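A.B. asks: any chance you could fold what I've pasted below:
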Amino acid sequence: MQSTIKSIAQMAGVSRGTVDRALNGRPGVKKEVADEIIRIATELGYKPNLAGKVLANKQYRQLEIGVILVTENNPFFNDVIYGIKKAIQEFEEFGIVGRIHILEKYSEEDELNTINSLIEEGVSGLVLKPIVSDKIEKRIQELTEADIPVITLNSDVDNAERLSYVGCDLRKSGRVMAELLSMFTLGKKNSVSMIIGSEMNAGMKERMEGFQEFVSENDAAFNIVREEWTNEGAEMVYEKTIGILAAPERSDYICVMGGGIAGCLKALRQSSGRDLPTVLTYDLTDEVKTGMQDGLIAATITQDPEQQGYNAYQIMARHLAFGQRPSADVNYTNLAVALRSCL
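C.D. replies: Sure thing, here's the model as predicted:
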C-alpha cells in the first residue's frame with residue numbers, strides 16, 4: 001500500500017486531519033492515538049511531502065536563518081559547520097536559506113553586532129554559540145519576547161529563554177573526563193595539570209563543574225597541581241604546555257579541556273625523548289587523530305560535532321516552516337571515548 005495520509009488514517013481508524021496533527025506534533029490528539037498513528041506511519045515508511053507544504057504557503061518562501069559561531073580557529077567547528085551546511089542544503093528546496101557567520105575570537109561586541117546586523121536584515125531565527133555575556137543573554141531574551149526564536153548551539157545560556165539548546169551535555173562531558181582520568185590513574189596519587197578553555201566560553205564553566213563534581217563525589221585519588229586557563233588558541237596552549245613540562249613538579253597527566261590541542265602537541269613533540277605526561281583531550285579532529293597515532297594522546301572524548309550543527313539548524317528550520325517545536329528543551333548529542341585502537 002502506498003504510504004499516504006489517507007492510508008494511515010484508514011489503518012488507524014481516524015480522520016486525515018487527526019493524522020496530520022499527530023505527525024506534525026500539533027495539539028488536539030490524545031497521546032495514545034498519536035502514538036498509534038506514528039507507529040503506523042513508521043511501519044509504512046511514510047515520508048511527508050514537506051516541500052509541497054512549504055511552497056503552498058507563500059509566507060515560507062523568504063525564510064532565512066542566521067547562524068553565528070565563535071570558533072577561536074578550533075578545528076572542532078569544521079565538523080559543526082559541515083553539519084549545518086548539510087542541513088542548509090536539505091532545506092533549500094523548501095525556500096529556506098541559511099547564512100553562517102564565523103567569529104574567530106570571543107568578543108562580546110563582535111557577537112552582539114553580528115546578532116543585531118542579522119536581525120536588521122530580517123532573519124526569521126538565529127542559531128548561535130553564545131559567549132559568556134550578560135548583554136548577549138539580555139539580547140537573546142529580547143529576541144524571544146519579539147517572537148524571533150533562538151537556538152543555542154554547543155554552549156547554553158542561564159538567564160534567557162531560547163527555543164532549545166543543541167550540543168553535548170557539558171556537565172556530563174566533564175564528569176566523563178574525570179572518570180576517564182580515574183580509570184587511567186587506578187587510584188594512584190598521580191599529578192595532573194589541567195589546560196582549560198576560555199572563561200568566555202559559556203560551556204567551559206559547566207564542563208569544569210561536572211569534572212569537579214565527579215572528583216568530589218568519588219574521592220578521586222589524583223592530585224590537580226596546575227589549572228591553566230587559555231583563550232583556546234593553539235599559541236597560548238603551546239605556552240601553557242611548555243610551562244607544565246618545565247615545572248619542577250612533574251605532571252603525570254595533562255587534561256586539555258578545551259580547544260588548542262595543536263599547541264599542546266607541538267610542545268610535546270619538541271620535548272620528545274623525555275618522559276612525557278599522558279594526555280587526555282576532547283574531540284576527534286585530524287590533529288587529535290595524528291596525536292593518537294603518534295602516541296602523544298592516550299584517549300579523547302568525542303561530542304558528535306557534525307550532528308550538533310545538523311540538529312540545531314534542522315530544528316530551527318522545522319520550527320519556522322512547519323510550526324514544529326523541538327521535542328525537548330535540550331537536545332544532547334552523543335558522548336563517547338575513543339582510544340588509539342578505535343582509529
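A.B. asks: tell me who's in contact with V176.
C.D. replies: Contact analysis of V176 by CB atoms under 8 Å, 6 or more residues apart in numbering lists 301, 335, 337. (C-beta placed from N, C-alpha, C; glycine too.)
A.B. asks: burial of the second one, as a residue count?
C.D. replies: So the one you mean is L335. L335 has 18 neighbours, counted by other CB atoms under 10 Å.
A.B. asks: is it possible to get TSV of the contacts of V176 that adds pLDDT and secondary structure?
C.D. replies: TSV is the format used below for the contacts of V176 (pLDDT from 0 to 100; DSSP: H, G, I helix; E, B strand; the rest coil):
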residue	pLDDT	secondary structure
I301	98	strand
L335	97	coil
V337	97	strand
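A.B. asks: wasn't I65 part of a helix?
C.D. replies: No - applying DSSP: H, G, I helix; E, B strand; the rest coil, one finds I65 to be strand, outside a helix.
A.B. asks: so which strand or helix has the residue lying closest to it once chain neighbours are set aside?
C.D. replies: The shortest distance from I65 to any non-neighbouring residue, by CB to CB, 6 or more residues apart in numbering, is to G98 (4.5 Å). When elements are assigned from DSSP states H and E, G98 belongs to strand 97-103.
A.B. asks: contacts for that strand, please.
C.D. replies: Contacts of strand 97-103 (CB under 8 Å, 6+ apart): 63-71, 77, 81, 84-85, 87-88, 91, 110-111, 114, 118, 123, 313, 317.
A.B. asks: ok, now with 7 Å
C.D. replies: Strand 97-103 has contacts (CB atoms under 7 Å, 6 or more residues apart in numbering) with 64-71, 81, 84, 88, 110-111, 114, 313.
A.B. asks: report the distance from the helix or strand just after it to the chain centre.
C.D. replies: Using DSSP H and E, the helix or strand that follows strand 97-103 towards the C-terminus is helix 108-120. Put simply, helix 108-120 sits 21 Å off its chain's centre (CA atoms, centre = their mean, to the nearest Å).
A.B. asks: I'd guessed T241 sits against R269; true?
C.D. replies: No - counting by CB atoms under 7 Å, T241 stays clear of R269, with 10.5 Å between them.
A.B. asks: these two - which one has more neighbours?
C.D. replies: T241 (29 against 12).
A.B. asks: excluding its backbone neighbours, what's nearest that one?
C.D. replies: Closest to T241 by CB to CB, 6+ apart is A267, at 3.7 Å.
A.B. asks: low-confidence ranges, the protein, go.
C.D. replies: The model of the chain has pLDDT under 70 over residues 1-3, 25-27, 47-62.
A.B. asks: how about a cut-off of 80?
C.D. replies: Filtered on pLDDT under 80, the chain yields the residue ranges 1-4, 17, 20-21, 23-28, 42, 45-62, 93-94, 272-274.
A.B. asks: rewinding a little: from the contacts of strand 97-103, which two are the most distant?
C.D. replies: By the measure CB to CB, I88 and D110 form the most distant pair in the contacts of strand 97-103, at 22.5 Å.
A.B. asks: between these two, which one's more packed in?
C.D. replies: I88 (21 against 16).
A.B. asks: separation between that one and R139?
C.D. replies: Going from I88 to R139 by CB to CB, to the nearest Å gives 24 Å.
A.B. asks: what of E287?
C.D. replies: Distance from E287 to R139, by CB to CB: 34 Å.
A.B. asks: before we move on, what about V330?
C.D. replies: Distance of V330 to R139, computed by CB to CB: 21 Å.
A.B. asks: show me which of these two is the more surrounded one.
C.D. replies: Each of V330 and R139 has its neighbours counted (other CB under 10 Å); R139 has more, 20 against 12.
A.B. asks: so that one is in contact with L112, correct?
C.D. replies: Yes - R139 is within contact range of L112, at 6.3 Å (criterion: CB under 7 Å).
A.B. asks: report the buried residues of stretch 72-80.
C.D. replies: Neighbour-count burial for stretch 72-80 flags 72, 74-77, 79-80 (criterion: 16 or more other CB atoms under 10 Å).
A.B. asks: just stretch 247-259 next, same as before
C.D. replies: Buried-residue list, stretch 247-259, by 16+ other CB under 10 Å: 251-259.
A.B. asks: may I have it as CSV, with CA atoms only?
C.D. replies: Extracted C-alpha coordinates of stretch 247-259, given in CSV (Å, rounded to 0.1, in the frame of the first residue of the first chain):
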residue,chain,number,x,y,z
ALA,A,247,57.8,22.9,36.0
PRO,A,248,59.9,21.4,38.9
GLU,A,249,57.0,19.1,39.8
ARG,A,250,56.3,16.6,37.0
SER,A,251,52.8,16.2,35.8
ASP,A,252,51.9,12.6,35.1
TYR,A,253,48.8,13.6,33.1
ILE,A,254,47.6,16.6,31.1
CYS,A,255,43.9,17.1,30.5
VAL,A,256,43.1,19.5,27.7
MET,A,257,39.6,20.6,28.5
GLY,A,258,39.0,23.0,25.5
GLY,A,259,40.5,23.9,22.1
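A.B. asks: who touches it?
C.D. replies: 72, 74, 76, 177, 181, 184, 190-198, 201, 204, 207-208, 225-226, 230, 232, 244, 264, 277-281.
A.B. asks: neighbours around N218, how many?
C.D. replies: 12.
A.B. asks: show me what contacts it?
C.D. replies: S182.
A.B. asks: so how far is R175 from it?
C.D. replies: N218 is 10 Å from R175, by CB to CB.
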